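Trainee: Sequence and computational prediction follow.
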Amino acid sequence: MSDSKTSNNHEQSHVLVLNLTDKNHFDDSEAIHWRFIHVNCLTSATKSLKDHNYKVAIAIIDKASLQRVIKIIKQLEKQQSPLLWIAITLDGEKAMKALDGPVTDYFLDYHHLPLDWQRLDHTLGHLLGLANINQQKKVQDTKNASPLYFGQSPQMQQLKSNLEKVALSDETLLIGGETGTGKGLCADYIHQLSSRKNGPFITVNCGALPASLIHSELFGHEKGAFTGADKQYIGHIERANKGTLFLDEIGDLPLELQINLLHFLEEHYIERLGATKTTNVDCRVIFATHVDLESSVEEGHFREDLYYRINTLQIDVPSLRQHKVDICILAKSYLEKLAPETRQFHFSKASLLALEQYQWPGNIRELKNRIQRAIVMSDSGEITPEDLGLKTVIAPAPEVVDLAQHRTEIDTELLLNAIKHNNHNISAAARELNISRTTFYRLIKKCKITL
């Protein structure tokens, strides 16, 4: 990788030059406003992306190298927001016309050798301006993406960063976290930031669909497919075409349907019940679960091959207990949004203390519901612990115990409390007690606890 020296070293003026040939085909000493960074393979390009803030790029192409160049461009797009590309062609105009399709798909303009530096300077300037506009629009889209509020804690800021990274990808994603943490809001946030944001966002709660109807609801059916099927029905998967399909509580999907879902993820087509032909479906699939799918696999409730297929990317949403610094900020935000315009409310000091001390087993959903209750129950503009229904349930946070060092002191009540606090999420209960999930299961067996 080489670095061309020019009189302007401003960060936004960096231009990536991808050249897979063995020769340097142009002398960039004539460039005034740009600093060209030359790379000759995917590895050097990836490293250069980490070192510089590129917005525009140039690729040296000819008929022989075009497909390799495009492959690298596709790989780079997975690592960061897409660059705006210009092509410099080594072939003549006639050869370029034969490549018109691939060139116009990936490059916004192309130039021939010898270079017209005045024209190239104008093109780069135009694309840099366009890139800045796109970046500003992305920031605005992020602000308007969804009602998901991230707060100020490091845990939630990391979650925000991770969601924005995976939004650039089209891979399947598994979102884990306790009930009520906002996994559906996270999925919607990803959709709104993705290239599919203009397509549908289809949500399916796999645990809420009747077992007798779930196949038809997901995959659809033709008229006459079964008794009562008096018309064609388009299933949720097909409705998500060109958009995002969000399958919540995937751990509750019956085993017999998991193979159908796996087939769709592998082949990208479905067959409606009673149909004689298949239907292609182009959608991104996001899954969510509050249960430990690894345990479900071990217990035979979830297919191992499906688990590894949906677990390409994984994000865990923190419980509200894990970012308590955000509780009062979130509560005030919800109070402002949920209160009627005709009344103003505020929290008393006692209620803010109650909010911070409570353990929030229902997470964000419970916080929102308690604030809605408080708005209704409050006799004045001041929200009290009684209005929130928290006066009788306030308790100090349980002491974190190192079970690995004090196994002989562990009793059944402590394990049961951890299980209850975490809504029977064994992984979360083990984390609360600072032990591994394997150790937790061993202690459950030792204490003869039935889950």
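Mentor: Yep, that arrived. Numbers count the residues shown, from 1 in each chain.
Trainee: give me every residue that touches the spatially most central residue of the chain.
Mentor: In the chain, the residue lying closest to the centroid (Cα atoms, centre = their mean) is residue 163, at 3.9 Å. By Cβ atoms under 8 Å, 6 or more residues apart in numbering, the contact list for residue 163 reads 186, 189, 190, 193, 315. The C-beta positions use only the backbone N, C-alpha and C, and glycine is treated the same way.
Trainee: Try it again at 6 Å.
Mentor: By Cβ atoms under 6 Å, 6 or more residues apart in numbering, residue 163 lies in contact with 186, 189, 190.
Trainee: Same question for residue 321.
Mentor: Per Cβ under 6 Å, 6+ apart, neighbours of residue 321: 359, 360.
Trainee: so where is the stretch 51-200 of the chain shaky, pLDDT-wise?
Mentor: Residues of the stretch 51-200 of the chain meeting the criterion pLDDT under 70: 78-81, 92-105, 134-148.
Trainee: where along it do the strands fall?
Mentor: Secondary structure of the stretch 51-200 of the chain (DSSP state E, counting those that start in this stretch): strands at 56-61, 84-89, 109-112, 173-176.
Trainee: Run through the neighbouring helices and strands of the first one.
Mentor: Secondary structure elements in contact with strand 56-61, counted by 3 or more Cβ pairs under 6 Å, 6 or more residues apart in numbering; DSSP states H and E, are strand 14-19, strand 84-89, helix 117-144.
Trainee: Look up how far residue 76 lies from residue 34.
Mentor: Note on residue 34: its distance to residue 76, by Cβ to Cβ, to the nearest Å, is 19 Å.
Trainee: Also residue 196?
Mentor: The gap separating residue 196 from residue 76 is 20 Å, by Cβ to Cβ.
Trainee: before we move on, what about residue 441?
Mentor: Distance of residue 441 to residue 76, computed by Cβ to Cβ: 44 Å.
Trainee: quick one: which of those two has more around it?
Mentor: More neighbours surround residue 76 than the other of residue 441 and residue 76, with 21 against 16 (other Cβ atoms under 10 Å).
Trainee: Mind pulling up the pLDDT for the closest residue in space to the more buried one that isn't next to it in sequence?
Mentor: Excluding its sequence neighbours, the residue lying closest to residue 76 (Cβ to Cβ, 6 or more residues apart in numbering) is residue 45, at 6.0 Å. We have a pLDDT of 88 for residue 45.
Trainee: tell me the SS of residue 45?
Mentor: Secondary structure, DSSP: H, G, I helix; E, B strand; the rest coil: residue 45 is helix.
Trainee: hmm, what's the outermost residue in this structure?
Mentor: Among residues of the chain, the one most distant from the C-alpha centroid is residue 114; the distance is 44.9 Å, by Cα atoms, centre = their mean.
Trainee: mind listing the helices for the stretch 101-250 of the chain?
Mentor: Counting by DSSP state H, counting those that start in this stretch, the stretch 101-250 of the chain has helices at residues 117-144, 154-166, 183-193, 214-219, 236-239.
Trainee: Present those as JSON lines; the columns should include distance to residue 432.
Mentor: Below are these laid out as JSON lines (distance: least, Cβ to Cβ, whole Å):
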{"stretch": "helix 117-144", "distance to residue 432": "33"}
{"stretch": "helix 154-166", "distance to residue 432": "15"}
{"stretch": "helix 183-193", "distance to residue 432": "20"}
{"stretch": "helix 214-219", "distance to residue 432": "33"}
{"stretch": "helix 236-239", "distance to residue 432": "35"}
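Trainee: and those helices, which is most packed in?
Mentor: When you average the neighbours per residue for each of the helices of the stretch 101-250 of the chain (mean count of other Cβ atoms under 10 Å), helix 183-193 leads with a mean of 22.
Trainee: any idea of the angle that one forms with helix 154-166?
Mentor: 40 degrees (axes from the mean of the first three to the mean of the last three Cα atoms, to 10 degrees).
Trainee: could you dump helix 183-193 to CSV, C-alpha only?
Mentor: Once non-C-alpha atoms are left out, helix 183-193 reads as follows in CSV (Å, rounded to 0.1, in the frame of the first residue of the first chain):
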residue,chain,number,x,y,z
LYS,A,183,-36.0,-6.7,21.2
GLY,A,184,-38.8,-5.8,18.7
LEU,A,185,-37.8,-2.1,18.8
CYS,A,186,-34.2,-3.2,18.1
ALA,A,187,-35.3,-5.2,15.1
ASP,A,188,-37.4,-2.2,13.8
TYR,A,189,-34.4,0.2,14.4
ILE,A,190,-32.2,-2.1,12.2
HIS,A,191,-34.9,-2.2,9.5
GLN,A,192,-35.2,1.6,9.4
LEU,A,193,-31.5,2.0,9.0
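Trainee: how far out from the middle of the chain is that helix?
Mentor: Between the centre of helix 183-193 and the centre of its chain there are 7 Å (Cα atoms, centre = their mean, to the nearest Å).
Trainee: Against which helices or strands is that helix packed?
Mentor: helix 154-166.
Trainee: now with 10 Å?
Mentor: In terms of contact count using 3 or more Cβ pairs under 10 Å, 6 or more residues apart in numbering; DSSP states H and E, helix 183-193 is assigned the packing partners helix 117-144, helix 154-166, strand 173-176, strand 201-205, strand 244-248, strand 284-289, strand 313-316.
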